[in-house]
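> This is a predicted model, with the sequence first.
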Amino acid sequence: MTVQASRTAIRATGWRARARGSARRGAAIAFLSPALAVIVLFVAVPIALTFWISLHDWSMYTPLSQMTWRGLGNYTDLLHSDDFLNALGNTLVYVVLVLVTAVPLALALGMLLYFPKIAGKAAARAALFSTYVIPTVAIAIVWGALYAPDYGPISQALGAVGLDSPAWLSDPQTALFSLVVFHVWQMTGYYTILVVAGLTQIPDDVYEAARIDGAGFWRQTFSVTLPLIRRTTTFIVLIAAINAIQVFDPVYILTQGGPAESTTVLSYAIQRAAFQNGMAGQASAMAFSLLIVLVAVAGVVLAAMRRRSAPEGRS
């Protein structure tokens, strides 16, 4: 074969490879286009529309034609709004309290329901997960009765041992914490199931090798179990943070943002501004700010977990 013929054959092979690559990309685009269209229609477009409305002064009780341009005026107003800053602070406190209680509790329950050789673990997992699948509205009504200061079971139990029961949902000092307890009770079962799923991916040989090396239970927990379910833990922290930031139903049903605005979180402040006060521009600015908070929290969680796993990845 001559040199010219060899070059022609190489070019033909390259053309065929590029043609196959283009065909694969075209097939991938064809398969992904329905999902991408749904994402654009129901995610990207609403976000863009919300941002556009946030740049205007508009009441929901008037036609769109009456919108007036404000630019970033709604956002600058938020920075000087005591109501918004209070809602932002309550939201961040709520998120921190949920993370420091729900995530460690889910890890402990997950290991308790996975490692011991005891009967009834499947039933216990189902019972824990049931708190997640029950509608939040129904659970909130029940917890409202549990927190009742006069006839509630919690207050009666404390009274039976000679302790005074606080006004759980009526005291600004305890109202937000009471909502956190409700949230942790509802969501921990779901996070526990995720922990159990992560533990099933750890080979038994790893624990056998650790036992041969003389590692006890606590050494295995901190040197084997927790490092090997780091990705699962990261996912749980991220989901827990997002769920806590978006909390709305229990606030709306149990406290209406009170007492004294102590449980007014961003999602409830957005609903009140938009649907009670009709201030769509301000509500849209708060909604877009909430999106920024979500992205920022997700970025902080992922960055923190990536730094912790960096030495392991380099080794």
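Perfect, I can see it now.

> SS state for Gly159?
Under the three-state scheme (DSSP: H, G, I helix; E, B strand; the rest coil), Gly159 adopts helix.

> could you check the distance from it over to Phe182?
The gap separating Gly159 from Phe182 is 21 Å, by CB to CB, to the nearest Å. Glycine gets a C-beta too; all of them are placed from N, C-alpha and C.

> And Asp164, by the same measure?
Taking CB to CB, one finds Asp164 at 21 Å from Phe182.

> Of these two, which one has the most company?
Each of Asp164 and Phe182 has its neighbours counted (other CB atoms under 10 Å); Phe182 has more, 24 against 7.

> surely the more buried one meets Trp143?
Yes: judged on CB atoms under 8 Å, Phe182 makes contact with Trp143 at a distance of 5.0 Å.

> What number of neighbouring residues does Ala296 come out with?
10.

> Kindly report the same for the one 5 residues further on.
Burial of Val301, expressed as a neighbour count using other CB under 10 Å, amounts to 19.

> do the same with Asn277
Other residues lying near Asn277 total 13 when counted by other CB under 10 Å.

> same thing with Gln256?
12.

> With Leu113 instead?
Neighbour count for Leu113, taken as other CB under 10 Å: 20.

> Phi first, then psi, for it.
Torsion angles at Leu113 (phi, psi; degrees, to the nearest 10) stand at phi -90, psi 0.

> swap in Arg211?
Backbone torsions of Arg211, given as degrees, to the nearest 10, read phi -70, psi -40.

> Point out where this protein drops to low pLDDT.
Filtered on pLDDT under 70, the chain yields the residue ranges 1-21, 23, 308-315.

> list the contacts for the residue positioned nearest the centre of it?
For the chain, Ile242 is the residue whose C-alpha lies nearest the centre (CA atoms, centre = their mean; 2.2 Å). Ile242 makes contacts with Leu294, Val297, Ala298, as judged by CB atoms under 8 Å, 6 or more residues apart in numbering.
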